[in-house]
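J.: Predicted coordinates and the sequence they were generated for:
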Amino acid sequence: MKPPIPRRRPFRLHHAHSFTRSFWGHKGDEPVESLIPQISEEWHRGVEQHPDLHRDPPKSVAILGAGVTGLTAAYQLAHFSPETSITLLEASPRTGGWIRSLKIPTSKGSITFETGPRTLRPWTVNGIITLNLISHLSLQSQILSVPKTSPAAKNRYIYFDKRLNELPSSVQGAFKALQLPVLKGAVPSVLTEIFRRRRAKDVEDESVESFLTRRLGANLTNNLASAVFHGIYAGDIANLSADALLHTIYRNERVYGSITRGMLGVQEMILEDKLLEGVYGSRTAPLLNQLRKTSIYSFKGGMETLTKRMEEAVKEECDVTLKTGVKVDGLEYNQETNEVKVLGYDSPNNSFDFVISTLPAWSTANLLPPGTSDALFETTGVTVMVVNLFYDKPNMTGYSGFGYLIPKSVPLEQNPHRALGVIFDSDAMPEQDERKGTKVTVMLGGHWWDNATSLPSQEDGIKMAKEVLLQHLGITEDPAETMASLQVDCIPQYGVGHAGRLRQVHEDLMDKMGGKVVLAGSSYGGVGLNDCVRSARDAAFGVAAGRPMTNLERWAFEEVWIPKDMP
Ligand SMILES: C=Cc1c2[nH]c(c1C)Cc1[nH]c(c(CCC(=O)O)c1C)Cc1[nH]c(c(C)c1CCC(=O)O)Cc1[nH]c(c(C)c1C=C)C2
């Protein structure tokens, strides 16, 4: 029988004396300085000089995985704790993980194909932390930004009823959009949400599908929400956790009785986010001002510009030992020395004060002794086939926008290849390529392939993508350049009970690994790039102070919520 999952413990607040005005809802009209917070001196001195930080800095730390999380953790730790010796271990021959930008030289100019994440959003707490990192790395001049007013920022489509339905981006647009098949019944669903009964007190989590169907009805849930969750998690809303992925509105239902009541009242955010927003906002003001009118951004050389620059910085500026081609076999905690031994790393110095694992939850679980953190095995990944296509003719899609998503309610005959969505890259990032034309990315599979006995080859993927574009957009031409990448287990799925399981893992790791194994990356607090950077920062910050930790504390302790625009 599984042990009961511990409930969250009360959180103790030591270092918060005053708060910040929020960047939340920033429209780009006012200079960011006007939003810069009156934060307490203690926080303003910032994280590096935090009184807790140099309590007992570790002598040695190993970081597993040199994707964006591992590289960021190494870079940040080197700055927070310059005296610590850092070893970054990567199994593959290259760094960057899922981030890969391939520049294809052609006689008509170069094209960049992204096989993983391709854009970043600046205006969130985690987004601001990423921008701070970008400033430190002096990458400001490499940024390519898309203005909030551009079609790519405003227009998103849902494929439904055999056509693309444009989602509203303004109040006027909303009235027009209500005629669309995909939004059928939306008005009564939204207006009656406030009258629906709140969930029972003892329900700690449920699926996104069950929660949204209770609150908004089946139409909006299956036709709209399922598409949005395809576009972030490539996952099935019937399995994903409402508490983990819709945390604010799920809490609002519990606290205020309905999502609408929560929205009409005082907007709140988690205290720690508010403090970090203040600290990093003030430190990143010049770049935030540069991106004042930006909706999304990337880099001239693609997203890999970020990880390549970080690799260079950790090796040359931070004195981190980076070893590629090292496959770690296990982690062993020695209670006497209070160190963790990294098995499979063939070096006389393979015991460390801390190990930060940025590997996916299931890979980390495989490294730990049985019974240490078995709940990590319950987080699994979905596989996505990413197909990049380039056509010489401009405006081939017939639409202008970020792209379109396909909900789970679309019948199989209208989406036989199980496409999740299509990105209109040449609209989304128009200045990235020298060669002029239309660039799109078709994403296939995700949760639809959960029980597949075989997966498509690259050739099959390209054929399937072309058929998707023919069926949905009527594109008959052959692309000039193509590339397909099967990204196996690339997006972790936070299933129902995610928070409770991470609480359990926190307890287990503190108990059995002495708080010396620290977790970071896309398996825990968000699958986006900004989330990975944030989790790396948090891990590095905690480890630099030398306190036993897991980086899962936010799941183990009760959160403190405060008004978003508290001065
Ligand atoms: C069709 C499949 C996918 C598309 N993008 C992804 C998949 C699986 C992956 C992805 N997209 C987002 C994230 C998280 C944020 C990050 O920092 O990277 C991930 C992992 C962002 C995102 N994309 C869409 C939405 C609504 C969001 C969340 C918030 C935001 O940035 O606005 C919509 C969207 N994704 C895809 C398409 C075609 C599309 C909309 C038309 C592709």
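T.: It's in.

J.: Show the contacting residues for the residue nearest to residue 140 when sequence neighbours are not counted.
T.: In this structure, residue 140 finds its nearest non-sequential neighbour in residue 287, 5.7 Å apart by C-beta to C-beta, 6 or more residues apart in numbering. For every residue, glycine as well, the C-beta is placed using N, CA and C. By C-beta atoms under 8 Å, 6 or more residues apart in numbering, the contact list for residue 287 reads 131, 132, 134, 135, 140.

J.: hmm, try it at 6 Å
T.: Residue 287 makes contact with 131, 135, 140 under the criterion C-beta atoms under 6 Å, 6 or more residues apart in numbering.

J.: Can you add pLDDT, secondary structure and neighbour count and give those residues back as a markdown table?
T.: What follows is the contacts of residue 287, written out as a markdown table (pLDDT from 0 to 100; DSSP: H, G, I helix; E, B strand; the rest coil; neighbours: other C-beta atoms under 10 Å):
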| residue | pLDDT | secondary structure | neighbour count |
| --- | --- | --- | --- |
| 131 | 98 | helix | 28 |
| 135 | 97 | helix | 18 |
| 140 | 97 | helix | 13 |
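
J.: ok, so of those residues, who is nearest the ligand?
T.: Distance to the ligand, by C-beta to the nearest ligand atom, is smallest for residue 131 among those, at 12.7 Å.

J.: contacting residues for that closest one?
T.: Shown in contact with residue 131 (C-beta under 6 Å, 6+ apart): 122, 284, 287.

J.: restrict these to contacts with the ligand.
T.: Among the contacts of residue 131, not one lies near the ligand by C-beta under 6 Å from any ligand atom.

J.: nearest to residue 62, of those?
T.: Distance to residue 62 across the contacts of residue 131 (C-beta to C-beta) is lowest for residue 284, with 29.5 Å.

J.: Low-confidence stretches in the stretch 151-300 of the chain?
T.: Low-confidence segments of the stretch 151-300 of the chain (pLDDT under 70): 171.

J.: coming back round to it: out of the contacts of residue 287, which one sits closest to residue 176?
T.: Nearest to residue 176 among the contacts of residue 287, counting by C-beta to C-beta, is residue 131 at 34.8 Å.

J.: Near the ligand, which residues of the stretch 401-550 of the chain are found?
T.: 402-405, 420-423, 443, 527-530.

J.: Going by distance to residue 173, which of the residues you listed wins?
T.: Looking across these and measuring by C-beta to C-beta, the closest to residue 173 is residue 402, at 14.9 Å.

J.: Quick check: closest non-adjacent residue to residue 195.
T.: residue 258 (7.9 Å).

J.: residues near the one you found, how many?
T.: A count of nearby residues for residue 258, using other C-beta atoms under 10 Å, gives 19.

J.: Please tell me how far it sits from the ligand.
T.: Applying C-beta to the nearest ligand atom, to the nearest Å, the value for residue 258 to the ligand is 23 Å.

J.: separation between that residue and residue 191?
T.: Separation of residue 258 from residue 191 (C-beta to C-beta, to the nearest Å) stands at 12 Å.

J.: Can you give the contact residues for stretch 490-502?
T.: In contact with stretch 490-502 (C-beta under 6 Å, 6+ apart) are residues 5, 98, 205, 207, 233-235, 239, 241, 243-245, 360, 375, 378-382, 384, 522-523, 527, 552, 555.

J.: Now, of the residues you listed, which are buried?
T.: 5, 98, 205, 207, 233-235, 239, 241, 243-245, 360, 375, 379, 381-382, 384, 522-523, 527, 552, 555 (16 or more other C-beta atoms under 10 Å).

J.: Go ahead and confirm residue 70 touches residue 358.
T.: Yes - with contacts counted by C-beta atoms under 6 Å, residue 70 reaches residue 358, the gap being 4.2 Å.

J.: Restricted to helices, list the contacts of residue 131.
T.: residue 287 (DSSP state H).

J.: of all the contacts of residue 131, which comes closest to the ligand?
T.: When the contacts of residue 131 are compared against the ligand (criterion: C-beta to the nearest ligand atom), the nearest one is residue 122, at 10.7 Å.

J.: Report pLDDT for the closest one.
T.: pLDDT for residue 122: 95.

J.: for it, phi and psi?
T.: For residue 122, the backbone dihedrals (degrees, to the nearest 10) come out as phi -80, psi -30.

J.: correct me, but residue 240 touches residue 209?
T.: No - using C-beta under 6 Å, residue 240 makes no contact with residue 209, being 8.0 Å away.

J.: Please identify which of these two sits among more neighbours.
T.: Neighbours per residue, other C-beta under 10 Å: of residue 240 and residue 209, the larger number sits with residue 240, 24 against 21.

J.: With adjacent residues omitted, what lies nearest to that one?
T.: Among residues not flanking residue 240 along the chain, residue 208 sits closest, at 4.7 Å (C-beta to C-beta, 6+ apart).

J.: Neighbours of the one you found, how many?
T.: 28.

J.: Sticking with residue 249, tell me its helix or strand.
T.: According to DSSP states H and E, residue 249 maps onto helix 247-256.

J.: how far does stretch 401-416 sit from the chain's center?
T.: Offset of stretch 401-416 from its chain centre (C-alpha atoms, centre = their mean, to the nearest Å): 23 Å.

J.: List the buried residues of that stretch.
T.: Under the neighbour-count criterion of 16+ other C-beta under 10 Å, stretch 401-416 has 401, 402, 403, 404, 405, 406, 407, 408, 410, 415 buried.

J.: sorry, back to before: same list, the residues of the stretch 401-550 of the chain next to the ligand, but as CSV with secondary structure, distance to residue 367 and pLDDT please.
T.: What follows is those, written out as CSV (DSSP: H, G, I helix; E, B strand; the rest coil; distance: C-beta to C-beta, whole Å; pLDDT from 0 to 100):
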residue, secondary structure, distance to residue 367, pLDDT
402, coil, 38, 97
403, strand, 37, 98
404, strand, 40, 98
405, strand, 36, 98
420, strand, 31, 98
421, strand, 34, 98
422, strand, 37, 98
423, strand, 35, 98
443, strand, 30, 98
527, coil, 21, 98
528, coil, 25, 98
529, helix, 24, 98
530, helix, 27, 98
